[in-house]
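In: Sharing a sequence plus its predicted fold:
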Amino acid sequence: MSKKIAVLVGSLRKESLNRKMAKALISLAPPSLKLEIIDIGDLPIYNQDLDDEGKPPAAWITFREHVKACDGILFVTPEYNRSVPGVLKNAIDVGSRPYGKSVWGGKPGAVMSVSPGAIGGFGANQHLRQSLVFLDILPLQQPEAYIGQAGELFDAKGEVSNEGTRKFLQKFMESFANWVTIVAHKP
């Protein structure tokens with residue numbers, strides 16, 4: 001039985017390099033994983049008052065239910081100002097609340113940062129990993145995935161055109177699948 005993995009993309013653009021990468025990762029995933037992109041663009045900004053008043057927006061409820069039902073999380077994110085985009089941080093906050101009811105805890109995770117720049121979103125990748133520790137998401141440690149020069153990686157159909165990159169992505173997904181299996185069997 002395949003494990004259900006939520007894919008959170010930190011960019012909202014239709015032609016986002018990160019969305020293209022998420023789709024490439026989905027196509028390269030081993031059969032033991034079933035990946036689904038969960039849209040985070042319509043989540044209202046987190047405001048604790050709405051949870052405290054028992055009036056969380058329907059989008060929060062739906063998002064929390066989707067993530068809670070997943071066996072793991074794959075984050076694919078650009079770097080904005082040496083950190084993660086606000087839309088991704090908001091999704092993390094929505095999923096971590098109300099206090100004591102986080103949907104993240106104990107799930108295996110993986111982080112890939114994708115950038116047209118040379119350093120591949122290193123800052124965003126590292127900032128996100130800091131948050132994952134607090135959220136009790138168990139992130140894949142190796143291989144690390146900072147994908148630079150991403151504007152040159154995709155062909156006109158949005159597929160990865162570089163064979164070396166495709167092999168790395170496949171290895172990354174195989175490693176993540178193994179990690180999901182290891183975490184699932186921990187007591």
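Out: Yes, it's here.
In: what number of residues lie near K186?
Out: 8 (other C-beta atoms under 10 Å). Any C-beta I mention is one placed from the backbone N, CA and C, and that applies to glycine too.
In: Now do it against N162, distance only.
Out: 36 Å (C-beta to C-beta, to the nearest Å).
In: any idea how far G164 is from the most far-flung residue of the chain relative to its centre?
Out: Computed with C-alpha atoms, centre = their mean, the residue of the chain farthest from its C-alpha average is E53, at 29.6 Å. Relative to G164, E53 is positioned 53 Å away (C-beta to C-beta).
In: ditto for H185
Out: Plainly put, H185 is 32 Å away from G164 if you go by C-beta to C-beta.
In: Kindly state the pLDDT recorded for G117?
Out: Note for G117: predicted pLDDT of 89.
In: The one 4 residues further on now?
Out: On the pLDDT scale, G121 is placed at 92.
In: Likewise for the one 5 residues further on?
Out: What the model reports as pLDDT for Q126 is 96.
In: Counting neighbours, what do you get for it?
Out: Residues contacting Q126 under the criterion other C-beta under 10 Å number 16.
In: So which bits of the strand or helix carrying it are buried?
Out: Using DSSP states H and E, Q126 sits in helix 122-135. Going by neighbour count (16 or more other C-beta atoms under 10 Å), the buried part of helix 122-135 is 122-129, 131-132, 135.
In: Adding distance to A91, write these out as TSV.
Out: TSV is the format used below for the buried residues of helix 122-135 (distance: C-beta to C-beta, whole Å):
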residue	distance to A91
F122	21
G123	19
A124	14
N125	16
Q126	18
H127	14
L128	11
R129	16
S131	11
L132	13
L135	12
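In: distance between stretch 6-20 and the chain's centre?
Out: 10 Å (C-alpha atoms, centre = their mean, to the nearest Å).
In: Need the residues that contact that stretch.
Out: Here stretch 6-20 makes contact (C-beta atoms under 8 Å, 6 or more residues apart in numbering) with 22, 25-26, 35-38, 40-41, 66-67, 70, 72-78, 84-85, 87-88, 91, 114-116, 124, 150-151, 153-154, 158.
In: These in strands, which ones?
Out: Secondary structure assignment by DSSP state E places 35-37, 72-77, 114 of these in strands.
In: and L74, what is it in contact with?
Out: Counting by C-beta under 8 Å, 6+ apart, L74 makes contact with 5-8, 22, 25, 35, 109-110, 112, 176.
In: Same check on L138?
Out: Neighbours of L138 in contact, by C-beta under 8 Å, 6+ apart: 106-109, 132, 179, 183.
In: Among those residues, name the buried ones.
Out: 107-109, 132, 179, 183.
In: could the contacts of L138 be laid out in JSON lines, adding distance to M1 and pLDDT?
Out: Formatted as JSON lines, the contacts of L138 follow (distance: C-beta to C-beta, whole Å; pLDDT from 0 to 100):
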{"residue": "G106", "distance to M1": "19", "pLDDT": "95"}
{"residue": "K107", "distance to M1": "17", "pLDDT": "97"}
{"residue": "P108", "distance to M1": "16", "pLDDT": "98"}
{"residue": "G109", "distance to M1": "20", "pLDDT": "98"}
{"residue": "L132", "distance to M1": "25", "pLDDT": "96"}
{"residue": "W179", "distance to M1": "17", "pLDDT": "97"}
{"residue": "V183", "distance to M1": "16", "pLDDT": "94"}
